[in-house]
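Peer 1: from the sequence below, what's the structure:
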Amino acid sequence: MARPARSGQLCDRAREWASLRVDGELSELESALLDAHLKRCGDCRTFVDDVAGLTRALRAAELEPLTAPVVLPRRTRVSLRTAQMSAAAAAVVAAAGLGSLFGVLRSDSGVQPRTPKLGTVVAFDESANSMRALRREALIVQGQGRIPRNRDAGV
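Peer 2: Next comes the predicted model:
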């Protein structure tokens, strides 16, 4: 029976552990898992040998003196409070701008204003009779004291 193809994730993890091992940052469990993987995977064994050799060569090399000082650019620090205040101000300006834009778009000079429709808010635990009573009151107000019937609508 043929062995299944090795997953790239196993080799990626093994190579990451190999890098940690040369710095002495690999746990005992991870080290044991890496050794078990290296017994089965020749490509990773070659990689580990290359990393170990390169690390030894770099650590054995003489240090080069600096010819010029290293200068990093200065970064301006912005406090979190300043960033929050700026974001809040931007949100207020955007809301005001959008509100005035929609107000201009919706203003029709020749059209009569619409009368507001009555709405009712009903809690979820009220019974159907309570909802009917609320609807009935709304219909009475709309019909100015007269409740419309289906037959009035021609149905």
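Peer 1: how close does residue 9 sit to residue 43?
Peer 2: Residue 9 is 14 Å from residue 43, where distance means Cβ to Cβ, to the nearest Å. Every C-beta, even on glycine, is put in place using the N, C-alpha and C of the backbone.
Peer 1: elements contacting whichever strand or helix holds residue 21?
Peer 2: Residue 21 is part of helix 8-22 when elements are defined by DSSP states H and E. Here helix 8-22 touches helix 28-40, helix 42-60, going by 3 or more Cβ pairs under 8 Å, 6 or more residues apart in numbering; DSSP states H and E.
Peer 1: closest to residue 13 out of these?
Peer 2: Residue 13 sits nearest to helix 28-40 of all the helices and strands packed on helix 8-22, at 8.0 Å, using Cβ to Cβ.
Peer 1: buried set for that closest one?
Peer 2: The neighbour-count check on helix 28-40 (16 or more other Cβ atoms under 10 Å) flags 30, 33, 34, 37, 38 as buried.
Peer 1: my read: the first one touches residue 19, true?
Peer 2: The reference is to residue 30. No: contact criterion Cβ atoms under 8 Å: residue 30 and residue 19 do not qualify, at 11.6 Å.
Peer 1: that's all I had, so thanks and see you.
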